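> Below is the sequence, then the predicted model.
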Amino acid sequence: MPSSVIESIDYQSDHARLTVVFTTGRVYEYYLVPPSVAAAFQTAMSKGTFFNTQIRDHFAYREIAPDQPKRSAR
């Protein structure tokens, strides 16, 4: 379902890393996100509400500049 705040979501299960792109253009990576949380986020009826209640303030994160390439964890 489209969201008015979340533009896209990408989950890398091999690193348990969730990348969230907001409609404002801001990009954040969240770390050690369980696959079940990422899957529920993908299918949530309200991505914004799910993000605010289940992801924000629950996982370590960093902001990525929109033109900065994503870094692979080693």
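Thanks, I have it.

> rest of the way, CA atoms for contacts and neighbours
Will do.

> What is the burial count for the nearest residue to Ser13 once chain neighbours are set aside?
Sequence neighbours aside, Pro35 is the residue nearest to Ser13 in space, at 6.6 Å (criterion: Cα to Cα, 6 or more residues apart in numbering). Residues within reach of Pro35, counting by other Cα atoms under 10 Å, total 16.

> Would you mind measuring from Pro35 to Asp57?
Distance, Pro35 to Asp57, by Cα to Cα, to the nearest Å: 18 Å.

> Name the nearest residue to Leu18, ignoring sequence neighbours.
Tyr11 (4.5 Å).

> what are the ranges of the strands in the chain?
Using DSSP state E, the strands assigned to the chain run over residues 6-12, 17-22, 27-31, 61-64.

> Serialize those strands to CSV and add fields for distance to Lys47, mean pLDDT and mean neighbour count.
Below are the strands of the chain laid out as CSV (distance: least, Cα to Cα, whole Å; pLDDT from 0 to 100; neighbours: other Cα atoms under 10 Å):
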stretch, distance to Lys47, mean pLDDT, mean neighbour count
strand 6-12, 7, 96, 16
strand 17-22, 11, 97, 20
strand 27-31, 15, 97, 19
strand 61-64, 18, 96, 14
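
> Indicate which one of those is closest to Phe50.
strand 6-12 (10.7 Å; Cα to Cα).

> In this structure, where is pLDDT below threshold?
Within the chain, the stretches with pLDDT under 70 are 1-2, 66-74.

> Name the residue closest to the centre of it, please.
Val20 (3.2 Å; Cα atoms, centre = their mean).

> Quick check: nearest residue in space to Ser8, chain neighbours excluded?
Val21 (5.1 Å).
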